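1. coordinates only, sequence not included:
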């Protein structure tokens, strides 16, 4: 699972920068910047997103009036994080790209700020199927967090996201290598033998990628490892509410997904229902919920519960259209399942349209992969 960068860390950063500049907060625009940034982040953390948007936008305007790029970058990064939290990755990418552009104009002596911006841009670009920008940004994020102090959790996040990027691109060998690097990094910063939810998340994503690559034995090993880690954490923490946590639901749903691929005679629908219920409580539409609705719909389809399947597929499609770009492989996968449902309900023209859209998206992804391979071969010569 992917986590958003904590905005409060950037608030501390920008206040310290402002103080170092000789009391600029005493001036009108500077005072407005500080006040609006603080209130915007408070609204953000409280889940009051319209109010957060208004105040963070005002903070950005104040920074622009000051001509202070460092302050503008912080406001833009938090606007990007706010958009991402609400599942609007197109807007998140716009804000993060502008922040990265400002950083490029002048050298920053803070590797954390640079890395934070590029991590945000990498995530948003990945969900918008701009894979070149995503990879470049994530590489910069990893490099920045390596230099920054007290940024180990963000460093792990960048490594994990890089694995997700390779996975969605269909580069499974690279994805597995990236996930293993994330695991090694997480283990390296903990006590020997210590289990963490971050480790469980990395093994879960490793298992997901193995399923997509057709390596069901590898997937079983990785997901079994994730489950054992969660079981150990439950025992150590005596956490009776752990089953409602997103990571628990995510691992359980992906185990169900694997069992489905293995054609195991087990009733799996309740796992998806419970996972969806838990994710809906969080109120953050995105990658996980789109996947859960689609795979639950697939099960319902195979059980010949066609009306119920269509409801879930339409929910999945609605999420894909808002969370992803119109040329994202996750949208293509969902359209392909929807085409099968339309065929089964005698809507041939609609089925053909959905299937053709799916094929066009996947063809463009394949063309991009071929182009990347050609460039790598030329560079190697």
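-> Thanks, I have the structure now. Predicted model, so just to flag it, every value in this text is computed and none were measured.
2. and residue 231, how close does it get to residue 224?
-> The gap separating residue 231 from residue 224 is 10 Å, by Cβ to Cβ, to the nearest Å. C-beta coordinates here come from the backbone N, C-alpha and C atoms, glycine included.
3. for the stretch 201-350 of the chain, give me the ranges with low pLDDT.
-> Scanning the stretch 201-350 of the chain for pLDDT under 70 picks out the ranges 238-244.
4. cool, the stretch 1-150 of the chain as well?
-> In the stretch 1-150 of the chain (pLDDT under 70), the answer is 1-27.
5. helices of that one, start to end?
-> Secondary structure of the stretch 1-150 of the chain (DSSP state H, counting those that start in this stretch): helices at 7-20, 28-45, 49-66, 69-85, 89-105, 111-127, 131-147.
6. now the ones you listed as a markdown table including mean neighbour count and distance to residue 189?
-> What follows is the helices of the stretch 1-150 of the chain, written out as a markdown table (neighbours: other Cβ atoms under 10 Å; distance: least, Cβ to Cβ, whole Å):
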| stretch | mean neighbour count | distance to residue 189 |
| --- | --- | --- |
| helix 7-20 | 16 | 17 |
| helix 28-45 | 19 | 26 |
| helix 49-66 | 19 | 31 |
| helix 69-85 | 25 | 24 |
| helix 89-105 | 20 | 26 |
| helix 111-127 | 27 | 16 |
| helix 131-147 | 20 | 12 |
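7. residue 124 reaches residue 92, doesn't it?
-> Yes - here residue 124 reaches residue 92: they are 4.0 Å apart, a contact under Cβ atoms under 8 Å.
8. quickly list what's touching both of these two.
-> Listed as contacting both residue 124 and residue 92 by Cβ atoms under 8 Å, 6 or more residues apart in numbering are 80, 83-84.
9. columns distance to residue 28 on top of the residues you listed, output as TSV?
-> Formatted as TSV, these follow (distance: Cβ to Cβ, whole Å):
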residue	distance to residue 28
80	27
83	28
84	31
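10. tell me which of the residues you listed is nearest to residue 54?
-> Of all the shared contacts of residue 124 and residue 92, residue 83 has the smallest distance to residue 54: 13.8 Å, by Cβ to Cβ.
11. got the contact list for the closest one?
-> Applying Cβ under 8 Å, 6+ apart to residue 83 gives the contacts 89, 91-92, 95, 124.
12. now do 7 Å
-> 91-92, 95 (Cβ atoms under 7 Å, 6 or more residues apart in numbering).
13. measure it to residue 63 for me?
-> Applying Cβ to Cβ, the value for residue 83 to residue 63 is 18 Å.
14. next: residue 153.
-> Going from residue 153 to residue 63 by Cβ to Cβ gives 27 Å.
15. kindly report the same for residue 194.
-> Distance of residue 194 to residue 63, given as Cβ to Cβ: 41 Å.
16. for residue 110, grab phi and psi.
-> Residue 110 adopts backbone torsions of phi -120, psi 100, taken as degrees, to the nearest 10.
17. next, count neighbours for it.
-> By the criterion of other Cβ atoms under 10 Å, residue 110 has 17 neighbours.
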